[in-house]
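Novice: take this sequence and fold it.
(chains A and B)
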There are 2 protein chains.
Amino acid sequence: MIQPFDDVYFMKKAYQEAENAFDKGEIPVGAIIVLKNQIIARAHNLTETLNDVTAHAEMQAFTAAADFLGGKYLKDCVLYVTLEPCQMCAGASYWTQIGKIVYGASEPERGFINLKTSLHPKTKVIGGILENECLQLLKRFFIEKRNLN
Amino acid sequence: MIQPFDDVYFMKKAYQEAENAFDKGEIPVGAIIVLKNQIIARAHNLTETLNDVTAHAEMQAFTAAADFLGGKYLKDCVLYVTLEPCQMCAGASYWTQIGKIVYGASEPERGFINLKTSLHPKTKVIGGILENECLQLLKRFFIEKRNLN
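Specialist: Residues are numbered from 1 along each chain as shown, chains lettered A, B, ... in the order given. You can find the predicted model right below:
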């Protein structure tokens, strides 16, 4: 049977959110949260717009998903995010008890894997979905930003 | 010279915020942010009220302080919080570049110290200010909660 809703399909939706961030001059990171193949939250990085370092895509997506569900745990949900989450976002995912995290590009410096942030024991992790596309968008952002300054 | 504004003075203000959380049936953790002896943000845990696991006292205080200052970095600020921050809040503090974190009670299980969350290199840390009072308030909360159920 053909399965139209796979990790690549949903990562493309997160990527669209990253493009929205790009268009606003924000570091282009996008996130969505999926429950039973339904997107229940979409968000992108808004740290500049909101003047708030906590306004990462994932943090907003967690808040929006909990609001949608009316319960604060996201046990059966999947987070798709274009960049490996940082300590703050991975730490938040612990509290949400999210079922799975799927990320695109790796973040060796500030990402949760090398910094060894502890996830909830029930959270599975998959990385590298559309890795190149997610990374190229970030690279393009920083090149354009450098050329403007 | 008498210095009325010391760590104990400001921790008492954070403790008042924790009491506000207690009165709302929230796990009693309070936080304030201080810049040059002026309190620029006050917050308490609102995870139940807002149905949002990211609504820790510190996260709200960071957002409020940045909003007050009109800039997203808190380099010259001090966070006073009644409980040792978790990975999420310590991870957020990294992004704020906050100058100092002063906490009350330790949190050996989910606190950032044992979980080795990396702080900003310029962030100093002091723990144990009004430790017993902060801990007793938490203990009282959980005892009362247990007796109600």
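
Novice: look up how far A:Cys89 lies from A:His44.
Specialist: From A:His44 across to A:Cys89, the span is 13 Å (Cβ to Cβ, to the nearest Å). In short, each C-beta sits where N, CA and C put it, glycine included.

Novice: next one: A:Leu50
Specialist: The value you get for A:Leu50 to A:Cys89, if Cβ to Cβ is used, is 15 Å.

Novice: likewise A:Lys36?
Specialist: According to Cβ to Cβ, A:Lys36 and A:Cys89 sit 23 Å apart.

Novice: looking at those two, which one has more neighbours?
Specialist: A side-by-side neighbour count of A:Lys36 and A:Cys89, using other Cβ atoms under 10 Å in any protein chain shown, places A:Cys89 first with 30 against 9.

Novice: tell me what angle the helix or strand hosting the more buried one forms with helix B:87-96.
Specialist: Taking DSSP states H and E as the definition, A:Cys89 sits inside helix A:87-96. Here helix A:87-96 runs at an angle of 160 degrees relative to helix B:87-96 (axes from the mean of the first three to the mean of the last three Cα atoms, to 10 degrees).

Novice: pLDDT on helix A:87-96, on average?
Specialist: Summarised as a single mean, pLDDT over helix A:87-96 is 98.

Novice: so is that helix next to chain B?
Specialist: Yes. Using Cβ under 8 Å from any Cβ of the partner chain, helix A:87-96 reaches chain B at A:87-92, A:94-96.

Novice: which of those sits closest to A:Ala66?
Specialist: Checking the residues of helix A:87-96 next to chain B against A:Ala66 with Cβ to Cβ, the nearest one is A:Thr96 at 7.3 Å.

Novice: wouldn't that closest one be in contact with A:Ala64 here?
Specialist: No. When contacts are counted by Cβ atoms under 8 Å, A:Thr96 is not listed as touching A:Ala64 (11.7 Å).

Novice: settle it for me: which of those two has more neighbours?
Specialist: Taking other Cβ under 10 Å, A:Thr96 and A:Ala64 do not tie; A:Thr96 has more neighbours (25 against 18).

Novice: residue contacts, the more buried one?
Specialist: Contacts here follow Cβ atoms under 8 Å, 6 or more residues apart in numbering or on different chains; on that basis A:Thr96 touches A:62, A:65-66, A:72-74, A:77, A:120, B:53.

Novice: show me how to select, in ChimeraX, the buried members of the residues you listed.
Specialist: To isolate the buried ones among the contacts of A:Thr96 in ChimeraX, judged by 16 or more other Cβ atoms under 10 Å in any protein chain shown, type:
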select /A:62,65,66,72,73,74,77,120 /B:53
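
Novice: mark which of the contacts of A:Thr96 are part of strands, please.
Specialist: Under the assignment DSSP state E, the contacts of A:Thr96 contribute A:Cys77 to strands.

Novice: and the contacts of A:Thr96 as CSV, adding distance to A:Ile126 and pLDDT?
Specialist: Formatted as CSV, the contacts of A:Thr96 follow (distance: Cβ to Cβ, whole Å; pLDDT from 0 to 100):
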residue, distance to A:Ile126, pLDDT
A:Phe62, 18, 98
A:Ala65, 19, 98
A:Ala66, 22, 97
A:Lys72, 24, 91
A:Tyr73, 21, 97
A:Leu74, 16, 98
A:Cys77, 14, 98
A:His120, 15, 98
B:Val53, 22, 96
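
Novice: make JSON lines from the contacts of A:Thr96 and add distance to B:Ile27 to it.
Specialist: What follows is the contacts of A:Thr96, written out as JSON lines (distance: Cβ to Cβ, whole Å):
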{"residue": "A:Phe62", "distance to B:Ile27": "18"}
{"residue": "A:Ala65", "distance to B:Ile27": "21"}
{"residue": "A:Ala66", "distance to B:Ile27": "17"}
{"residue": "A:Lys72", "distance to B:Ile27": "13"}
{"residue": "A:Tyr73", "distance to B:Ile27": "16"}
{"residue": "A:Leu74", "distance to B:Ile27": "19"}
{"residue": "A:Cys77", "distance to B:Ile27": "23"}
{"residue": "A:His120", "distance to B:Ile27": "18"}
{"residue": "B:Val53", "distance to B:Ile27": "11"}
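
Novice: from the contacts of A:Thr96, pick the one nearest A:Ala105.
Specialist: Nearest to A:Ala105 among the contacts of A:Thr96, with distances taken as Cβ to Cβ, is A:Phe62, at 20.0 Å.
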